[in-house]
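> Structure, please.
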Amino acid sequence: MLVLNVKKYTPLLAVILTATSFNTSANSGYDFISGGFQLSSFDEYIPTALGKSYDYTTGYYLRGSWNFYNNFFAEVRHDSTSKDSLSITQTTAGLGYFHPFTDSFSLYGLVGVDEIDVQFDINKFVHQADISISSMNGYVGAKDNALTVELGAKFNVLDAWQIEPAIRMADYDEKMYELRLANTIRITKNIGLEANFAHRALGANTFGQVQNIREMNYQVGMRYTF
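Purely as a prediction, here's the structure:
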C-alpha cells in the first residue's frame, strides 16, 4: 500500500515560493500557491458527534503547483474539513504534463497519489457522554490511499479570468471520481481570487454493502501566481 506524508511535500512549496516569473497566458497557470475556505456538502446526513448528524463540514484548502521543467509540473492539493468530532482530510500529490495549444488554452494530464483520512475525536465523544476513561482518549477512524489520474484544461475566458475544468479518478477498493471547475480572477499581476467547485463520489463498503457517498465542495480563496 502506498503511504503519503504531507509533511515531505513542504520543500516543494518552499521551492515554489522562490519562483519569480509570471505570464498572463493560460500556460502560466502551473506556477502558483493558493488557499482559502472550504464548505463540503453531502447528499445524506453523516454522524459528526454523539447523537448528532449533519450534511456538511467546513474547513480550509491549500494548493500548490510548480512548472519545474519545460511542460512538466508537480502539484499538491490538501483540504481538511470538520464538524463536531468528525474531521475529513484529503490530499493529492502528483506529476503532470501540459500541452499548450494557444496562449490562452492548454490541456494537461496528472498521475499521482490520493489519500483520504476520516477521524473521530474520542475526547469530544467522551466529554459529551460524561465518561471519564483515559483509555478512550485519542482518535479512531480510517485512512487509505490510492493511485489517481486526472485530465483537465485551462483557458482564459477573459484576460483576467481563467477557468479549469477537470475530471479525476482514484483507484480505491471502491472507485472514487471527482469533477472539478476552478475559477481564478486576476486582481493584480500576481494576486488572484479563486472560486472553485467540485463534486466527488466514493463508494464505501459498510458491513458488506457498498454505499455511494457524494460530496459537493465549494472553495473561496486567494492565489499567488509567479
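> going forward, measure contacts between C-alpha atoms and count neighbours the same way
Fine.
> now the strands for this protein?
Taking DSSP state E as the criterion, the chain carries its strands at 32-49, 52-69, 72-83, 86-102, 105-121, 139-158, 161-170, 176-186, 191-206, 209-225.
> could you dump those to CSV with mean neighbour count and mean pLDDT?
Conversion of these to CSV gives the following (neighbours: other CA atoms under 10 Å; pLDDT from 0 to 100):
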stretch, mean neighbour count, mean pLDDT
strand 32-49, 18, 93
strand 52-69, 18, 95
strand 72-83, 20, 97
strand 86-102, 19, 96
strand 105-121, 20, 94
strand 139-158, 17, 91
strand 161-170, 20, 96
strand 176-186, 19, 96
strand 191-206, 17, 84
strand 209-225, 17, 86
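> Hmm, N70 and P100 touching each other?
No - in terms of CA atoms under 8 Å, P100 does not count as a neighbour of N70; the distance is 11.2 Å.
> Quick check: bridge partners of Q162?
On the basis of DSSP bridges, Q162 takes part in beta bridges with N156, T184.
> For L151, see how far away it is.
Per CA to CA, to the nearest Å, Q162 is found 17 Å from L151.
> Over to K83?
Shown here: K83 relative to L151, a distance of 31 Å by CA to CA.
> wait, what's in contact with Y97?
When contacts are counted by CA atoms under 8 Å, 6 or more residues apart in numbering, Y97 is found next to N71, F72, F73, Y108, G109, L110.
> beta partners of F37?
Beta bridges link F37 to Y60, V220 when assigned by DSSP bridges.
> How about P47?
With DSSP bridges as the rule, P47 is bridged to S53.
> Number the residues from 712 up from this point.
Yes, from this point I'll number from 712; that puts the last item at P758.
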